[in-house]
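S.K.: coords below, sequence missing:
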């Protein structure tokens, strides 16, 4: 049990607080942080672990970057699985995080990849570069990782790559309400 608490980086103070809560919830009253017997603390810690299995189970297995630990009921053990496309798993992750808007995540990603300049992605879960859509007519995205393209101001129009807005040539204009 103590190894488990060490593995999930729970401090002695946090552990004592958890034991107080668990001991009280189990009807035993308050446990003083240091004064009670090791047997009581171990029992309370074990009860906490049993009651919160889903919280800690994946933390016990140290998986490579881009993978996360899962309990395989058939094998009756923890296994590392590759993070799904549309999610990412940074170093030491205990769950797959959804890829943020403005980004995409290939399978086994450790960080989201920003959508290129001139493209955007409004929703979570982009799973390929093709999930980043070109900016619509009359809009642009000058920075990588854009969730929503910005409209070009009157007197300007988007560059062919939609990376910036360009002033209209002399003698022409672009109304904000027009498309391209």
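M.R.: On my side now, so go ahead. Keep in mind the model is a prediction, meaning the values are calculated, not measured.
S.K.: just give the number of residues close to residue 93.
M.R.: Counted with other C-beta atoms under 10 Å, residues neighbouring residue 93 total 20. Quick note: C-beta positions are derived from backbone N, CA and C, even for glycine.
S.K.: quick check: pLDDT value at it.
M.R.: Looking at residue 93, its pLDDT stands at 79.
S.K.: just to check, it is in contact with residue 68?
M.R.: Yes - Residue 93 is within contact range of residue 68, at 5.3 Å (criterion: C-beta atoms under 8 Å).
S.K.: what do these two both touch?
M.R.: Common contacts of residue 93 and residue 68 (C-beta atoms under 8 Å, 6 or more residues apart in numbering): residue 83.
S.K.: and the helix or strand encompassing residue 166, what does it pack against?
M.R.: Using DSSP states H and E, residue 166 maps to strand 165-167. Judged by 3 or more C-beta pairs under 8 Å, 6 or more residues apart in numbering; DSSP states H and E, strand 165-167 is in contact with strand 156-158.
S.K.: okay, now the sheet partners of the strand it packs on, with direction.
M.R.: Using DSSP bridges, the strands paired with strand 156-158 are strand 165-167 (antiparallel).
S.K.: model confidence over the partner strand, on average?
M.R.: Strand 165-167 comes out at a mean pLDDT of 93.
S.K.: contacts for it?
M.R.: Counting by C-beta under 8 Å, 6+ apart, 140, 152-153, 155-159 sit against strand 165-167.
S.K.: now do the contacts for the residue lying closest to residue 117 once chain neighbours are set aside.
M.R.: Excluding its sequence neighbours, the residue lying closest to residue 117 (C-beta to C-beta, 6 or more residues apart in numbering) is residue 163, at 4.5 Å. For residue 163, the contacting residues are 117-118, 140-142, by C-beta under 8 Å, 6+ apart.
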